[in-house]
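1. from the sequence below, what's the structure:
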Amino acid sequence: MSATLPDDETVERELARIRVEVMAAIGTVRSPRVSTRVRAIRATAIAIGAAVALSAGAFAVVSSLTERQTTARCYESVSLRAPYTEVQVGLASDAHPEWNDPVGACSLPWADGIVGQKTPPTGGAQTFPVPPLVACEQANGVAAVFPSRDAATAEDLCGSLGLAVWSRS
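-> Next up is the predicted model:
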C-alpha cells in the first residue's frame, strides 16, 4: 500500500486553519499568574479607595462638628445673603467671657467697625455703636447673628429667615 502525500497547497491551507484555531484558543486562555496579579491589584485599589473615602468622610464629620462648636457668623443685615464675618465662639478667657456666646462674640467686630460699618465713628469715639443682636441657629448648627430690626423678637427674626432661635449657652 502506498501512501500519497498531500501537495504543498493543501498542507499550507491546513496549517493556516490550525494556526487560526490555536491563536483563538490562546486568546481565550488566561494565565493564572496574570489573573491573580490583576485581582490583587484590583483588590488593593478598591481597599485604598475605600480607606480614602472613609477618611474623607470622617474628616468632614469632625470638621463640621468643630465648626458648629466654635464658629459664629456675624451678618451685616437680616439676610442669609448679606456679607458676614466669622468669629470664634467657645474660646472664652477671663479677659473675654463674652466669647462663650455668639451675640457677645459678634458684638466685638460690630464695635470695631469690621461688621456693618461703612463710615468712621463720629464724635472722636474709638468704637462704633453696636445694634441689638439676635442669634439664630443654621441648619448645620452654626450660629448666625443678625442685627435686630424694629425690636423684633428672636423668634420673629429667626423665623423670618427659616432658622431656629439659638438655644445653647
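2. following element in sequence after the lowest-mean-pLDDT helix or strand in the chain, please.
-> Of all the helices and strands that make up the chain, helix 32-70 has the lowest average by mean pLDDT, DSSP states H and E, namely a mean of 71. As assigned by DSSP states H and E, the chain's next helix or strand after helix 32-70 is strand 71-75.
3. buried residues, the following helix or strand past that following strand. List them.
-> Once the chain leaves strand 71-75, the next helix or strand it forms, by DSSP H and E, is strand 84-88. Judged by neighbour count (16 or more other C-beta atoms under 10 Å), strand 84-88 contains these buried residues: 84-85, 87. C-beta: built from backbone N, CA, C; applies to glycine.
4. tell me the mean pLDDT over strand 84-88?
-> In this model, strand 84-88 has an average pLDDT of 86.
5. just the buried residues of the next helix or strand after it, please?
-> Next in sequence after strand 84-88, counting helices and strands by DSSP H and E, comes helix 102-112. Under the neighbour-count criterion of 16+ other C-beta under 10 Å, helix 102-112 has 102-111 buried.
6. same check, this time on stretch 76-93
-> Those buried within stretch 76-93 under the rule 16+ other C-beta under 10 Å are 76, 78, 84-85, 87, 89.
7. okay, those residues in CSV with distance to I41 next?
-> Shown next, in CSV, are the buried residues of stretch 76-93 (distance: C-beta to C-beta, whole Å):
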residue, distance to I41
E76, 55
V78, 57
Y84, 49
T85, 50
V87, 49
V89, 48
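8. using PDB, list the CA coordinates for the helix or strand hosting I26.
-> For I26, the element it lies in under DSSP H and E is helix 8-28. C-alpha atoms of helix 8-28 as PDB (Å, rounded to 0.1, in the frame of the first residue of the first chain):
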ATOM      1  CA  ASP A   8       2.100  21.800  -0.700                       C
ATOM      2  CA  GLU A   9      -1.000  23.900  -1.200                       C
ATOM      3  CA  THR A  10      -3.200  21.600   0.800                       C
ATOM      4  CA  VAL A  11      -0.600  21.400   3.600                       C
ATOM      5  CA  GLU A  12      -0.400  25.200   3.700                       C
ATOM      6  CA  ARG A  13      -4.200  25.600   3.900                       C
ATOM      7  CA  GLU A  14      -4.400  23.000   6.700                       C
ATOM      8  CA  LEU A  15      -1.600  24.700   8.600                       C
ATOM      9  CA  ALA A  16      -3.300  28.100   8.200                       C
ATOM     10  CA  ARG A  17      -6.500  26.700   9.600                       C
ATOM     11  CA  ILE A  18      -4.800  25.100  12.500                       C
ATOM     12  CA  ARG A  19      -2.800  28.400  13.300                       C
ATOM     13  CA  VAL A  20      -6.100  30.300  13.400                       C
ATOM     14  CA  GLU A  21      -7.600  27.800  15.800                       C
ATOM     15  CA  VAL A  22      -4.500  27.800  18.000                       C
ATOM     16  CA  MET A  23      -4.400  31.600  18.200                       C
ATOM     17  CA  ALA A  24      -8.100  31.800  19.000                       C
ATOM     18  CA  ALA A  25      -7.600  29.200  21.800                       C
ATOM     19  CA  ILE A  26      -4.600  31.100  23.200                       C
ATOM     20  CA  GLY A  27      -6.600  34.300  23.300                       C
ATOM     21  CA  THR A  28      -9.300  32.800  25.500                       C
END
